[in-house]
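**Q** What follows is a protein structure lacking sequence information:
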């Protein structure tokens with residue numbers, strides 16, 4: 001078996017749609033992350049109804065365009081478009097970035 005020429009496609013439930021990308025982090029998981037990594041200063045991919053930190057960037061704020069330097073970042077990115085969020089986290093000079101990523105999205109670069 002070979003994967004040469006294979007082009008992965010998003011599952012229909014993982015297409016860019018507000019009801020798919022607007023996911024909240026379960027409170028118990030977030031509490032575990034705070035206990036392990038400490039308090040966060042900003043939630044960079046949130047909405048008013050699902051933010052985990054007082055200061056947050058909404059879709060309209062465009063968290064990818066904001067500076068994360070020196071921040072303690074919590075990020076539950078839109079699952080339909082993970083690559084730019086991972087690149088931003090890697091390139092930032094944030095104190096820490098904790099990002100919730102789905103384990104079933106290994107086909108994305």
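**A** Nice, I can see it. Small disclaimer: the values here were computed from a predicted structure and weren't measured.

**Q** Every contact and neighbour count from this point should use C-alpha atoms.
**A** OK.

**Q** ranges for the helices of the chain?
**A** For the chain, the helices defined by DSSP state H occupy 18-21, 27-37, 82-91.

**Q** tell me the most buried of these?
**A** With neighbours defined as mean count of other Cα atoms under 10 Å, those peak in mean count at helix 82-91, which reaches a mean of 15.

**Q** gap between that helix and the chain center?
**A** 9 Å (Cα atoms, centre = their mean, to the nearest Å).

**Q** contacting residues around the closest residue to residue 46 other than its chain neighbours?
**A** The shortest distance from residue 46 to any non-neighbouring residue, by Cα to Cα, 6 or more residues apart in numbering, is to residue 58 (5.0 Å). Counting by Cα atoms under 8 Å, 6 or more residues apart in numbering, residue 58 touches 44-48.

**Q** Pull the most distant pair out of these.
**A** Farthest pair in the contacts of residue 58 (Cα to Cα) is 44 and 48. Separation: 11.8 Å.

**Q** Tell me which of those two has more neighbours.
**A** residue 44 (29 against 12; other Cα atoms under 10 Å).

**Q** And the residue sitting nearest the centre point of the chain, how far from residue 102?
**A** The chain has residue 77 as the residue nearest its centroid, 2.2 Å off, counting by Cα atoms, centre = their mean. Note on residue 77: its distance to residue 102, by Cα to Cα, to the nearest Å, is 10 Å.

**Q** In JSON lines, list the helices of the chain along with mean pLDDT and distance to residue 97.
**A** Shown next, in JSON lines, are these (pLDDT from 0 to 100; distance: least, Cα to Cα, whole Å):
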{"stretch": "helix 18-21", "mean pLDDT": "64", "distance to residue 97": "19"}
{"stretch": "helix 27-37", "mean pLDDT": "97", "distance to residue 97": "10"}
{"stretch": "helix 82-91", "mean pLDDT": "94", "distance to residue 97": "6"}
